[in-house]
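>>> the sequence isn't on hand, but the structure is:
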């Protein structure tokens, strides 16, 4: 098992990474004085793992409610935010209540945002179950829901109290979802660590085969990279912007497809990274060989490298409109990584 500490002064917390480590939740709860626990997950995960996971939490006799949402990006909406917050308040929670987010990035995002606004902030724990959530969305404290205007435009910076990445959950992920998460892993190599990217190139077959040792290595390395960036710039005033590599472009395809699953988040990020690399080449900042190397690795990981891999025809005016609704715009100027 790997333990990583996110150093954010009073908002600091630990990430645990390994196989069969959900018992860490019970250990954490024993040292706290929580009054009530609300567990939030999605229907797909509930069928596969909820009963076993609930058993680990229910030992404390504090679990009072399970809230189960539909799976998919479309669930990050006002309707479900209202559902979670109203149900929680009807259970007479107090500021010593706890939310546990058990699922992928969607569950983590909406659960964390709910925790940040309930009673002006209650504690929450992240138990990510997808590669994307383990390596990206569960770490760093970004929480949000989507708007008709764009992705993650309504949210807050709110740190969890604990993150538990139990790698056993990755073995039940469909290939497409697993590889979608891998796009975020590639991102970390490209933005900060050439040796890590070379390691990914060398081990792509073992990664696709979900080799346990390799999975722990890439999840731990991704979390360490993100932890280091977030510790220096928690609320994205400068350095943390590098974590958006591929996202400024990627989000426009998710918005255009109405978060339908036609394109998954990691697939959009993969396309976005290629577009950002090509833009860098056009600006004389990156060589053609480097762009081709990025594309080649993403292709080897069975990820799309062009929007036309997803849809043969796009409305370019609509995509441009989405681009200029990006939440990172300042004085009508876009920031590209």
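On my side now, so go ahead. Just so we're clear, the structure is a prediction, and the values are computed from it rather than from any experiment. Numbers count the residues shown, from 1 in each chain.
>>> show me the shaky parts of this structure.
Within the chain, the stretches falling below the threshold (pLDDT under 70) are 59-60.
>>> now do the strands in it.
Assigned by DSSP state E, the strands in the chain fall at 2-6, 13-18, 37-42, 63-69, 98-103, 123-128, 142-147, 150-157, 162-166.
>>> so which of those gets nearest residue 180?
Nearest of the strands of the chain to residue 180, taken as CB to CB: strand 123-128 at 13.7 Å. Any C-beta I mention is one placed from the backbone N, CA and C, and that applies to glycine too.
>>> list the buried residues in that closest one.
123-128 (16 or more other CB atoms under 10 Å).
>>> again with stretch 192-208
Across stretch 192-208, burial judged by 16+ other CB under 10 Å covers 192, 196-197, 199-200, 203-204, 207-208.
>>> contacts for that stretch, please.
Residues outside stretch 192-208 that contact it (CB atoms under 8 Å, 6 or more residues apart in numbering): 179, 182, 185-186, 188-190, 211, 214-215, 217-218, 221, 225, 229, 242, 297, 300-302.
>>> just the buried residues of these.
Here, 16+ other CB under 10 Å leaves 179, 182, 185-186, 188-190, 214-215, 217-218, 221, 225, 229, 242, 297, 301-302 buried among the contacts of stretch 192-208.
>>> thinking again about what came up before, ok, the buried residues of stretch 192-208 vs residue 102, which is closest?
residue 207 (24.6 Å).
>>> roughly how far apart are that closest one and residue 183?
12 Å (CB to CB, to the nearest Å).
>>> can you check which residues contact both of those two?
Taking CB under 8 Å, 6+ apart as the contact rule, residue 207 and residue 183 both touch residue 301.
>>> need the winner for burial among the strands of the chain.
Among these, strand 98-103 has the highest mean neighbour count (mean count of other CB atoms under 10 Å), at a mean of 28.
>>> which strands and helices lie in contact with it?
strand 37-42, helix 105-117, strand 123-128 (3 or more CB pairs under 8 Å, 6 or more residues apart in numbering; DSSP states H and E).
>>> closest to residue 274 out of these?
With CB to CB as the criterion, residue 274 lies closest to helix 105-117 of the helices and strands packed on strand 98-103, at 21.3 Å.
>>> now the angle from that closest one to strand 123-128?
Helix 105-117 runs at 170 degrees relative to strand 123-128, counting by axes from the mean of the first three to the mean of the last three CA atoms, to 10 degrees.
>>> from residue 114, how far off is the most centrally placed residue in the chain?
Centroid-nearest residue in the chain, with CA atoms, centre = their mean: residue 137, separated by 2.2 Å. Between residue 137 and residue 114 the distance is 15 Å, computed by CB to CB.
>>> go on, residue 205?
Counting by CB to CB - residue 205 and residue 114 are separated by 40 Å.
>>> next one: residue 296
To residue 114, residue 296 is 41 Å away according to CB to CB.
>>> and the two? Which one has more around it.
residue 114 (27 against 12; other CB atoms under 10 Å).
>>> that older thread, which of the buried residues of strand 123-128 sits closest to residue 67?
Among the buried residues of strand 123-128, residue 124 lies closest to residue 67 (CB to CB), at 12.7 Å.
>>> thinking again about what came up before, so which of the strands of the chain is nearest residue 331?
Among these, strand 150-157 comes nearest to residue 331, with 17.8 Å by CB to CB.
>>> on that earlier part again, and the strands of the chain: which comes nearest residue 292?
Closest among the strands of the chain, using CB to CB: strand 150-157, at 28.8 Å.
>>> strands paired with that closest one, and their directions?
strand 142-147 (antiparallel) (DSSP bridges).
>>> contacts for the partner strand?
Strand 142-147 has contacts (CB under 8 Å, 6+ apart) with 73, 76-78, 80-81, 108-113, 115-116, 152-158, 259.
>>> with stretch 270-290 instead?
With CB under 8 Å, 6+ apart as the criterion, stretch 270-290 contacts 183, 186-187, 190, 245-251, 253, 263, 291, 294-295, 298, 303-307, 309-310, 336-337.
>>> out of the buried ones among the contacts of stretch 192-208, which sit inside helices?
179, 182, 185-186, 188-190, 214-215, 217-218, 221, 225, 229, 297 (DSSP state H).
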